[in-house]
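Q: pasted the sequence and its predicted model underneath.
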Amino acid sequence: MSELSSLTGQAFSDHLRAVVEAYCAEFPVQPAELQVLAEQMARGDMLDDRRTLPGHVTTSAFIVNAAFDAVLLIHHRKLGRWFQPGGHWEPAASFWRSAEREALEETGIGQVVLHPWHKGGDRPIDIDTHAIPAHPAKGEAAHFHHDIRFVFVADRFERLNGDAAEVSDVRWWPINELAEIAPRAYARLGLMR
């Protein structure tokens, strides 16, 4: 697939299936971890549409500094917690490009670079299905996010300017903070050192 074209429709579904299969071949995955995602893929659900229930695809970015001792986190305005930057899938040429866009938008950082471990492509460090609470004011039922996660490197001293609509703060934290936020991804960061 051309880096310039966007993944949509059947191309999205086919690429998602290939990425999930490669991920499961690379990492020990317990069947329950991706059960909802696997069931939705088998049904042919439109996982690129945020209205699809019981879940849909999101992408996120673990932004680390070159020394691998700090991680850039956002304080999510709606959920009131610290997380890695990320969001709903919007058409992009790849999953990592979607994660990159979310990282830049939510943190306001000028540049991030995909970590070489990803080999320049959609080789996620983690795929995590997690529950999202209902948001009655927006008419959203409780649902799942199937989050495809990547690692990026950035300059720790670059200016930050978070998206005030979604983020109440952006800050560098010691990298061990990820142990509580995303324990599986945190453990896998050791593969990149």
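A: Sure, I can see it.
Q: just to be sure, Gln40 is in a helix?
A: Yes: residue state for Gln40 (DSSP: H, G, I helix; E, B strand; the rest coil) corresponds to a helix.
Q: per-residue confidence for it?
A: pLDDT recorded at Gln40 is 98.
Q: same check on Gly139?
A: 86.
Q: state the distance from it to Arg51.
A: Here Gly139 is placed at a distance of 10 Å from Arg51 (CB to CB, to the nearest Å). Every residue, glycine included, has its C-beta placed from N, CA and C.
Q: and the residue nearest the centre of this protein?
A: Centroid-nearest residue in the chain, with CA atoms, centre = their mean: Ser60, separated by 2.0 Å.
Q: now Arg17: closest residue in space that isn't a chain neighbour?
A: Met41 (5.9 Å; CB to CB, 6 or more residues apart in numbering).
Q: ok, back up a step: look up the closest residue to the residue nearest to the centre of the chain, ignoring the ones flanking it.
A: Gly86 (2.6 Å).
Q: got it, and Leu191?
A: Spatial nearest neighbour of Leu191, excluding adjacent residues (CB to CB, 6+ apart): Trp117 at 6.4 Å.
Q: list the contacts of the one you found.
A: Neighbour list for Trp117: Arg123, Ile125, Val151, Leu191, Met192 [criterion: CB atoms under 8 Å, 6 or more residues apart in numbering].
Q: flag every buried residue along stretch 46-55.
A: Using 16 or more other CB atoms under 10 Å as the test for burial, stretch 46-55 gives Leu47, Asp48, Arg50, Gly55.
Q: same question for stretch 129-137.
A: Buried-residue list, stretch 129-137, by 16+ other CB under 10 Å: Thr129, Ile132.
Q: show me what that stretch is in contact with.
A: 33-37, 55, 78, 140-147.
Q: which residues of this protein score low on pLDDT?
A: 1-4 (pLDDT under 70).
Q: ranges for the strands of it?
A: Along the chain, the stretches classed as strands by DSSP state E are 55-64, 70-76, 81-83, 86-88, 113-114, 126-132, 143-153, 167-174.
Q: other SSEs contacting the first one?
A: Packing contacts for strand 55-64, counted by 3 or more CB pairs under 8 Å, 6 or more residues apart in numbering; DSSP states H and E, involve helix 35-43, strand 70-76, strand 86-88, helix 95-107, strand 143-153.
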